[in-house]
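J.: Only the shape, not the letters, is given here:
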């Protein structure tokens, strides 16, 4: 059994292809996943973590609170589109969350913002995400007009080929020129404090060695 489990971890390591996540850390993430699976509100759904429970994890462990962004992060984690986060998807997603390179984070954030999966971030998608995060800000003017202005400003900054939408190539170039644009349309990656807290909790026994 130990040999089989070791091979399983090696396969996951090869799939993730990230030097940043160690084999021991993958094992810790699997254990954490199994605990979360047992704690699900609907334990009968054992295919993986469902949307409701995954959103609770994003909120409680990583401080995310934007419902639209959390749903988009769920969709990005859920690569096989079965409405559950499997252990493989859990580890792949967390490898970007915790130790992702800039390349990996750019691709991840772009996929989060590309809500319809057509490989572009459109004005409509920008407006939808920014409206949800900015609409509650106090403003004497029409808040939706303010969001539209924000979309136009952001589009001018990121739309290098001037086709009225942002491709992955546009997004990549914009972020490399100004890193703050990585999460231009909503916070979809955990901050450093949340990452440290998660790692201390999940990798605790490893850190104590």
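T.: Structure received. A quick note: this is a predicted structure, and the numbers were derived from the prediction, not measured.
J.: Any buried residues in the helix or strand where residue 56 lies, and which?
T.: Assigned by DSSP states H and E, residue 56 falls within helix 51-62. By neighbour count on 16 or more other C-beta atoms under 10 Å, the buried set for helix 51-62 is 53, 54, 55, 56, 57, 58, 61, 62. For glycine as for every other residue, the C-beta is placed from the backbone atoms N, C-alpha and C.
J.: export those to JSON lines and tack on pLDDT and distance to residue 122?
T.: Formatted as JSON lines, these follow (pLDDT from 0 to 100; distance: C-beta to C-beta, whole Å):
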{"residue": "53", "pLDDT": "92", "distance to residue 122": "30"}
{"residue": "54", "pLDDT": "95", "distance to residue 122": "26"}
{"residue": "55", "pLDDT": "96", "distance to residue 122": "25"}
{"residue": "56", "pLDDT": "95", "distance to residue 122": "30"}
{"residue": "57", "pLDDT": "95", "distance to residue 122": "29"}
{"residue": "58", "pLDDT": "97", "distance to residue 122": "24"}
{"residue": "61", "pLDDT": "94", "distance to residue 122": "31"}
{"residue": "62", "pLDDT": "95", "distance to residue 122": "27"}
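J.: Could you find the two of those that are most distant from each other?
T.: 53 and 62 (13.8 Å; C-beta to C-beta).
J.: Under the pLDDT cut-off, which ranges of the chain? List them.
T.: By pLDDT under 70, the low-scoring segments of the chain are 1-19, 41-46, 133-143, 205-209.
J.: now the helices for it?
T.: With helices called from DSSP state H, the chain shows them at 2-16, 23-38, 51-62, 67-77, 87-99, 102-113, 123-134, 143-158, 168-177, 192-202, 204-207.
J.: Indicate which one of those is closest to residue 184.
T.: Across the helices of the chain, closest to residue 184 is helix 143-158 (C-beta to C-beta), at 5.9 Å.
J.: Just the buried positions in the closest one, please.
T.: Under 16+ other C-beta under 10 Å, the buried positions of helix 143-158 are 146, 147, 148, 150, 151, 154, 155, 158.
J.: ok so, going back, tilt between the helix holding residue 56 and helix 23-38?
T.: Helix 51-62 and helix 23-38 meet at an angle of 130 degrees, taking axes from the mean of the first three to the mean of the last three C-alpha atoms, to 10 degrees as the criterion.
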